[in-house]
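# Here is a sequence together with a model predicted from it:
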Amino acid sequence: MKCRICKEKAVINIKRHNLSLCENHFIERFESETKRVIKKYRMFTKNDKIAVAVSGGKDSLSLLYCLNKLEYNVIGIHINLGIFKEDYSANSEKYVIKFREEFNIPVIIYNIKENQGKGIEELLKRGRGEKPCSVCGMVKRYLMNRLAIENECNVLATAHNLDDEASRLFGNIIYWQEEHIEHQSPSLPEENGLLRKVKPFIFFTEKETSLYAILNGISYIREECPYSIGAKTLKYKDILNKLELDSPGTKERFLKGFYKFKEKVKIENLRSFKGTKTCKKCGMPTTRDICTFCIAFENHPFIKN
Ligand code: Q46
Ligand code: ZN
Ligand code: ZN
């Protein structure tokens, strides 16, 4: 397998584009594609300060590395979620610290157990039968937005890739989650205390983001979060991978076709959150007097805990 451009040994064959590339040309294409997507969806410019949500995984560390290399004004934010099962949070943090030291790129680390008194696993013990990922998702959405604002960022970037977005779209469509479909977009506008939210890696597969990490010497956590086992999105990914194998390009056509359709029928890129009030405890946007985050971390007399 030879690189289509220079005929050197190829490191990847991107089947959906029928394109084999060597190490240098893969990296070059990966970075120019990132720039193109940022521009096309008007995600940000060199005048913005971007916070990248960093988990310690291949996608987010690659995104932070790539944006820094492309000379955007960027910082990483890592939340130690307090997931003790299989030492998941401690291990994730180790990779983030290693990355920060090796590449000298600023990453803020926020430990929720140390700062808020409880980690995700303690929150789950409230006995409300909540799913780990919905509690965790709420905490991450809230904290990433707040920490980014506190660090003077005006854009929040996440490293969702093509596999993540296509499987999410698949799930939203088969259950006709109309509201969620409206929010699915490469770029969501800033709104009422919520920063602009962007996904520059949305058209790269997992295979491509991990190769980018490996070729750039980035070590990342390979274990999945123990709470993701059995998640529906993993099943959808499986189905889409089978379709992709049979017909390369299926995932990309599915997702790009959806964005085109959304533009055509003028479905707005709405924020999922329509908070019109300000939380009386933390000042962040909310739909009620005290936001869900503050409720989760406090025992308010009027909240049934
Ligand atoms: S960290 Fe949190 Fe994820 Fe683990 S508990 Fe679910 S949402 S799976 S990306
Ligand atoms: Zn080449
Ligand atoms: Zn609050």
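Perfect, I can see it now. Residues are numbered from 1 along each chain as shown. Ligands and ions are numbered 1, 2, ... in the order given.

# List the buried residues for the worst-scoring helix or strand of the chain on mean pLDDT?
None of the helices or strands of the chain scores lower by mean pLDDT, DSSP states H and E than helix 178-183, at a mean of 84. For helix 178-183, the neighbour count (16 or more other Cβ atoms under 10 Å) marks I181, E182, H183 as buried. C-betas here are computed from N, CA, C, even on glycine.

# What's the first helix or strand after that helix?
strand 187-188 (DSSP states H and E).

# List the single closest residue to the residue positioned nearest the centre of the chain in space, sequence neighbours excluded.
In the chain, the centroid-proximal residue (Cα atoms, centre = their mean) is T158; its distance is 3.4 Å. Distance criterion Cβ to Cβ, 6 or more residues apart in numbering; nearest residue to T158, sequence neighbours excluded, is A53 at 4.9 Å.

# for the one you found, what are its contacts?
Going by Cβ atoms under 8 Å, 6 or more residues apart in numbering, A53 touches S60, G76, I77, K140, M144, L156, A157, T158, A159.

# Can you get me a residue count around H78?
H78 is flanked by 28 other residues according to other Cβ atoms under 10 Å.

# Tell me which residues touch it, please.
V54, S55, G56, S92, E93, V96, V107, I108, I109, Y110.

# Roughly how far does the second one sit from K40?
It stands for S55. Counting by Cβ to Cβ, to the nearest Å, the gap from S55 to K40 is 25 Å.

# So the two - more neighbours on which side?
When neighbours are counted by other Cβ under 10 Å, S55 and K40 differ, and S55 comes out ahead with 23 against 11.

# Quick one: end-to-end length of stretch 174-184, please.
15 Å (Cα to Cα, to the nearest Å).

# burial measure for N115, as a count.
N115 - counted by other Cβ under 10 Å - has 12 other residues nearby.

# Quick check: which element contains it?
Using DSSP H and E, N115 maps to helix 112-116.

# Would you mark the buried spots in that helix?
Of the residues in helix 112-116, those buried (16+ other Cβ under 10 Å) are I112, K113, Q116.

# picking up where we left off before, which among the contacts of H78 end up buried?
For the contacts of H78, buried by 16+ other Cβ under 10 Å: V54, S55, G56, S92, E93, V96, V107, I108, Y110.

# Alpha carbons of stretch 92-110, as CSV, please.
Output of stretch 92-110 as CSV, limited to C-alpha atoms (Å, rounded to 0.1, in the frame of the first residue of the first chain):
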residue,chain,number,x,y,z
SER,A,92,-7.6,9.4,32.8
GLU,A,93,-6.0,12.2,34.8
LYS,A,94,-2.6,10.6,34.6
TYR,A,95,-2.7,10.7,30.8
VAL,A,96,-3.8,14.4,30.9
ILE,A,97,-0.9,15.3,33.2
LYS,A,98,1.6,13.4,31.0
PHE,A,99,0.3,15.2,27.9
ARG,A,100,0.5,18.6,29.7
GLU,A,101,4.1,17.9,30.7
GLU,A,102,5.3,16.5,27.4
PHE,A,103,3.8,19.1,25.1
ASN,A,104,3.7,22.1,27.4
ILE,A,105,0.1,22.9,26.5
PRO,A,106,-2.0,24.4,29.3
VAL,A,107,-4.6,22.1,30.7
ILE,A,108,-6.7,23.0,33.8
ILE,A,109,-7.6,20.0,35.9
TYR,A,110,-10.7,20.2,38.1
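
# Mind pulling the model confidence for the residue of the stretch 201-305 of the chain found nearest ligand 1?
Nearest residue of the stretch 201-305 of the chain to ligand 1: C225, at 3.0 Å (Cβ to the nearest ligand atom). Confidence at C225, expressed as pLDDT, is 95.

# What of F258?
For F258, the predicted pLDDT is 95.

# State the number of residues packed around the residue of the stretch 201-305 of the chain found nearest ligand 2.
Closest to ligand 2 within the stretch 201-305 of the chain is L215: 12.7 Å, counting by Cβ to the ion. Number of residues near L215 (other Cβ under 10 Å) recorded here: 16.
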